[in-house]
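Peer 1: I would like to see how this sequence folds:
(one chain, ligands or ions: 1)
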Amino acid sequence: MDFTTTYMGLGLRTPIIAGSSGLTKSIGLIKRMADSGAGAVILKSLFEEQLVQDPKALSEQDEMYFRYPEVFEYLDKFPVEDGVEAYLNLIQEAKEAVNIPVIASINCISATEWTSFAREITKAGADGLELNIAIYPFNKNVDSQTIEDTYIKILKGVKENTGIPVSVKIGNNFTNIYRITNRLDEAGADALVLFNRFSRPDIDIQTLKPVSGSTMSSPQEITESLKWISILSPELKCSLAGATGIHNAGGIIKQLLAGADAVQVTSTLYQHGIEYIGKMIDDLVAWMKKFGYSSIGDFKNLMVRNEDAAALERVEFMKKTVGEVE
Ligand SMILES: Cc1cc2nc3c(=O)[nH]c(=O)nc-3n(C[C@H](O)[C@H](O)[C@H](O)COP(=O)(O)O)c2cc1C
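Peer 2: Residues are numbered from 1 along each chain as shown. Below you'll find the model as predicted:
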């Protein structure tokens, strides 16, 4: 069986990428990912705020920091093992320890001086860099165009500072996902990760206190990513990774059929253990054998959506409304 795939210009031996999380923050865990059959690992993210010389200068650029000064208190408390030096060492050591691509990750919200840090990541030997761009659109004075322009500026700023492939992980909170993904593609993204999963706060009606919703995704959450991968895969030049809600071989197969080049998995590894990657590969083999496929290329893209996606959505919605039970 041939599981190889190409993602952001990198050859992967399997399409299963260990997503960025606490499960990719130490050499021991990264080795287990590789031993279990992961095609690549995305290291836990550094925060942009950790990379600027004077984090408080950020207050001048983004009024969010006035509203949430505890960001700085939190930064001061960052343990040394989660600091920048340790991160660069982690990249170097991971490269020595495993023979699969090691992709660094930065969680960012602005295109400020930190983008030059991409050079340090490159020097440390990372095979690629994933930008988890997470601009929370909670400011009525900032229009959508400005927010989208920031995504492009961040990507271009980072690309100017590195020759390694750069991917962008985004959420699905855009008015026009079609346009932002096309713009990122044109601006030189080597891959897009669709989609990030944001916090899902809830309310406890007994204590009347806010509580955080589940940190882990559920398999039902795959559909949003699947829909957009199937729409965008025939359209974009860059690679695509499906993310969020991929919990088993079935989820991986669906994403590949929809045109994803690879998938990222996190919650399922927290829930079943890192070695579950091996079980997902076994189940993938069984499915491929059943259908007579011997390589990923035999079935990748079989279920892309070439129809007019907007018209299809509208018709589907109308059908549902007409068929509604009184
Ligand atoms: C405990 C935990 C820690 C995470 N840490 C990061 C992180 O540092 N950087 C990042 O880009 N995503 C992080 N994520 C998000 C995951 O990479 C992934 O996008 C998300 O969990 C959805 O994928 P899943 O459905 O496979 O879990 C984290 C997720 C979890 C559950």
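Peer 1: who's in contact with the residue in the stretch 101-250 of the chain positioned nearest to the ligand?
Peer 2: Of all residues in the stretch 101-250 of the chain, S217 sits closest to the ligand, at 3.1 Å by CB to the nearest ligand atom. C-beta here means a position set from N, CA and C on the backbone, and glycine is covered the same way. By CB atoms under 8 Å, 6 or more residues apart in numbering, S217 lies in contact with R197, T244, G245, H247, T266, S267.
Peer 1: likewise for I42?
Peer 2: I17, A18, G19, S20, T24, I103, A104, S105, E130, Q264.
Peer 1: isn't N182 right up against E235?
Peer 2: Yes. Applying CB atoms under 8 Å as the test, N182 and E235 come out as touching, 7.2 Å apart.
Peer 1: which bits of this protein sit near the ligand?
Peer 2: Contacts of the chain with the ligand, taken as CB under 6 Å from any ligand atom, map to 19-22, 44-45, 105, 107, 132, 169, 196-197, 215-217, 243-246, 265-267, 270.
Peer 1: tell me where the model's unsure across the chain.
Peer 2: Applying pLDDT under 70 to the chain flags residues 53-81, 325-326.
Peer 1: what's the span of stretch 155-174, first residue to last?
Peer 2: 17 Å (CA to CA, to the nearest Å).
Peer 1: what about that stretch, distance to the chain center?
Peer 2: Centroid separation for stretch 155-174 versus its chain: 11 Å, with CA atoms, centre = their mean, to the nearest Å.
Peer 1: go through it and flag the buried ones.
Peer 2: Within stretch 155-174, the residues that qualify as buried are 155, 157-159, 161-162, 164-171, 174, counting by 16 or more other CB atoms under 10 Å.
Peer 1: what do you get for stretch 146-154?
Peer 2: Buried-residue list, stretch 146-154, by 16+ other CB under 10 Å: I147, E148, T150, Y151, I152, I154.
Peer 1: against which helices or strands is the helix or strand encompassing the first one packed?
Peer 2: Here I147 sits within helix 144-160, counting by DSSP states H and E. Counting contacts by 3 or more CB pairs under 8 Å, 6 or more residues apart in numbering; DSSP states H and E, helix 144-160 packs against strand 128-133, strand 166-170, helix 177-186.
Peer 1: hmm, who's touching it?
Peer 2: Against helix 144-160 from outside (CB under 8 Å, 6+ apart): 108-111, 115, 118, 129, 131, 133, 135, 137, 166, 168, 170, 174-175, 179-180, 183-184, 187-189.
Peer 1: ok so, going back, now render the helices and strands packed on helix 144-160 as JSON lines, adding distance to I296.
Peer 2: What follows is the helices and strands packed on helix 144-160, written out as JSON lines (distance: least, CB to CB, whole Å):
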{"stretch": "strand 128-133", "distance to I296": "20"}
{"stretch": "strand 166-170", "distance to I296": "19"}
{"stretch": "helix 177-186", "distance to I296": "22"}
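Peer 1: so which of the ones you listed is nearest P201?
Peer 2: Closest of the helices and strands packed on helix 144-160 to P201 is strand 128-133, at 19.3 Å (criterion: CB to CB).
Peer 1: remind me what that closest one packs against, helices and strands.
Peer 2: strand 102-108, helix 118-124, helix 144-160, strand 166-170.
Peer 1: how about that strand as CSV, C-alpha atoms only?
Peer 2: The C-alpha coordinates for strand 128-133 follow below in CSV (Å, rounded to 0.1, in the frame of the first residue of the first chain):
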residue,chain,number,x,y,z
GLY,A,128,7.9,24.1,7.6
LEU,A,129,6.0,26.7,9.6
GLU,A,130,2.3,26.7,10.4
LEU,A,131,0.7,30.1,11.2
ASN,A,132,-2.3,29.7,13.4
ILE,A,133,-3.8,33.1,12.6
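Peer 1: which stretches of the stretch 201-326 of the chain form strands?
Peer 2: Along the stretch 201-326 of the chain, counting by DSSP state E, counting those that start in this stretch, strands occupy 202-204, 209-211, 239-243, 262-265.
Peer 1: neighbouring strands for the last one, and are they parallel or not?
Peer 2: Put plainly, it is strand 262-265. Applying DSSP bridges to the sheet, strand 262-265 is found paired with strand 16-18 (parallel), strand 239-243 (parallel).
Peer 1: the second one too?
Peer 2: Using DSSP bridges, strand 209-211 pairs in its sheet with strand 202-204 (antiparallel).
Peer 1: now the helices for the chain?
Peer 2: Ranges of helices in the chain, per DSSP state H, are 27-36, 58-61, 64-67, 70-76, 84-97, 118-124, 144-160, 177-186, 222-232, 249-257, 267-272, 276-291, 309-322.
Peer 1: helices or strands up against the last one?
Peer 2: Yep, that's helix 309-322 we're talking about. Helix 309-322 packs on no helix or strand, going by 3+ CB pairs under 8 Å, 6+ apart.
Peer 1: okay, angle between that helix and helix 222-232 too, please.
Peer 2: Relative orientation of helix 309-322 with respect to helix 222-232: 140 degrees, computed using axes from the mean of the first three to the mean of the last three CA atoms, to 10 degrees.
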